[in-house]
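Engineer: Just need the structure, nothing else, for what follows:
(one chain, ligands or ions: 1)
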Amino acid sequence: MASRNYQLVIVGYGGMGSYHGKLLKENQSINVAGTYDILAERKTASIADGYKAYESLEDVLSDDTVDFVLIATPNDVHKEIAIAALKAGKHVICEKPVTIYSDELVEIMETAKINDRAFIVHQNRRWDEDFLTMKKVYDEQSIGDVFHIESRVQGANGIPGDWRHLKEYGGGMLLDWGVHLLDQLLFMVDSKITSVYANLSYILGDEVDDGFQVSITFENGITSLVEVGTTNFIQLPRWYVKGTKGTAVIYDWDINGKIVTQNFGEVEAPKPIKAGQGLTKTMAPPSEKAVSTSELPKVEKTMESFYENVVSVVEGSAEPIVKNEEVLRVLQLMETIFKSAETNEVIKDFELAPITTI
Ligand code: NAD
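Structural biologist: Sure thing, here's the model as predicted:
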């Protein structure tokens, strides 16, 4: 492995900026050369963590030793920092959601192309083990052909921090968490979207959504429900997926869960049970021999890590795992979700809007 030959500056040294700093300590190719943050206390924190604290963005951009700028500021300033950094000849890694509006990303993609620099969005949850486990179930057809996917994250702590409560900074849960869950869903299901219907929630009284539910149907017939909540004192499973031969569930980020599949052949019919004030055979548990329970598959490392991929892209030896066209599609989908929630309409022409290829 090459020595740490790339110098990176973190712009926005808050929660996620400092997390990147910690992750990059382990990286063999990229060295964190410094940080820049508008807050004096975050400059002090940067120095305490052993990094140079740049005085201004201009200082970062005019430093010829800097190869990468990593943007971890609130969402509203991603675009202006990305464009300035690309024009200054830096490669850029940007936090999600890359921008608030899709046309801002198009502008960034054009600037990256003109300046021949890499621009890569940190859609890190493509590497989440729960997602990769369910993707494996999906790809390997362990429960037959998947026809329904439910993907949820639910907390009980409301919207965290300050700027996430405000529209002008790109706050709200659709932009914050929705972008991850939608990115995962579109990475898993290789099919066009045929309909979108969404509700946003404003239970906490903020000007931005504190959660949402969206139903997305694909051309291949798969239906899906993506849900984010911040007022859920009891959580539903992280993943609940149904296929023609069984059901798979993942309860949490520790990958607790199981697969239950139907046994074909001669099996005893279910016995009716008393349910509430009635009798049911339909909803009775299947007889013991009618189903098999198995463990979820183990995920092996099949793709480069995010930072390995960034380096490979810059060196021309790999395509980006997170492609800007995919990120753009997710942003356009989120715009469609906002529109569906606002108009209370099922939107069917989402994929008719051309995805810009730069
Ligand atoms: P934060 O508020 O903790 O940190 C943001 C920092 O940016 C602050 O220190 C602030 O002073 C600084 N800042 C604001 N404007 C700036 C500017 N113009 N120039 C330089 N610094 C500036 O926020 P956070 O939770 O770290 O979120 C930052 C970004 O990271 C957001 O885009 C967020 O969506 C993203 N994020 C991603 C993940 C993930 O898993 N990928 C997780 C958390 C946050």
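Engineer: what does this structure put close to the ligand?
Structural biologist: When proximity is defined by C-beta under 6 Å from any ligand atom, the chain lies next to the ligand at 11-17, 36-39, 42, 72-75, 77, 95-96, 122, 124, 161, 163, 176. (Each C-beta comes from the backbone N, C-alpha and C, glycine too.)
Engineer: Buried only: go through those residues for me.
Structural biologist: Neighbour counting over the residues of the chain next to the ligand (16 or more other C-beta atoms under 10 Å) leaves 11-14, 16-17, 36-37, 42, 72-75, 77, 95-96, 122, 124, 176 as the buried ones.
Engineer: Out of those residues, list just those in strands.
Structural biologist: 11, 36, 95, 122 (DSSP state E).
Engineer: Of those, which pair is most distant in space?
Structural biologist: Spanning the widest gap among those are 36 and 122, at 17.5 Å by C-beta to C-beta.
Engineer: Identify all contacting residues around stretch 171-187.
Structural biologist: Contact partners of stretch 171-187, identified using C-beta atoms under 8 Å, 6 or more residues apart in numbering, comprise 75, 96-97, 100, 123, 125-126, 128, 131, 135, 149, 151-153, 159, 163-165, 200, 206, 208-212, 214, 216, 224, 226, 228, 230, 326-327, 329-331, 333-334, 337-338.
Engineer: Can you select the buried ones from these in PyMOL?
Structural biologist: Per 16+ other C-beta under 10 Å, the buried members of the contacts of stretch 171-187 correspond to this PyMOL selection:
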select buried, resi 75+96+97+100+123+125+126+128+131+135+149+151+152+153+159+164+165+200+206+208+209+210+211+212+214+216+224+226+228+230+326+327+329+330+331+333+334+337+338
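Engineer: Which ones among the contacts of stretch 171-187 map onto helices?
Structural biologist: Those of the contacts of stretch 171-187 mapping onto helices are 131, 135, 326-327, 329-331, 333-334, 337-338, per DSSP state H.
Engineer: Just put those residues in TSV and tack on pLDDT.
Structural biologist: Formatted as TSV, those follow (pLDDT from 0 to 100):
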residue	pLDDT
131	98
135	98
326	97
327	98
329	97
330	98
331	97
333	97
334	98
337	98
338	97
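Engineer: Widest-spaced pair of these?
Structural biologist: By the measure C-beta to C-beta, 135 and 338 form the most distant pair in the ones in helices among the contacts of stretch 171-187, at 26.8 Å.
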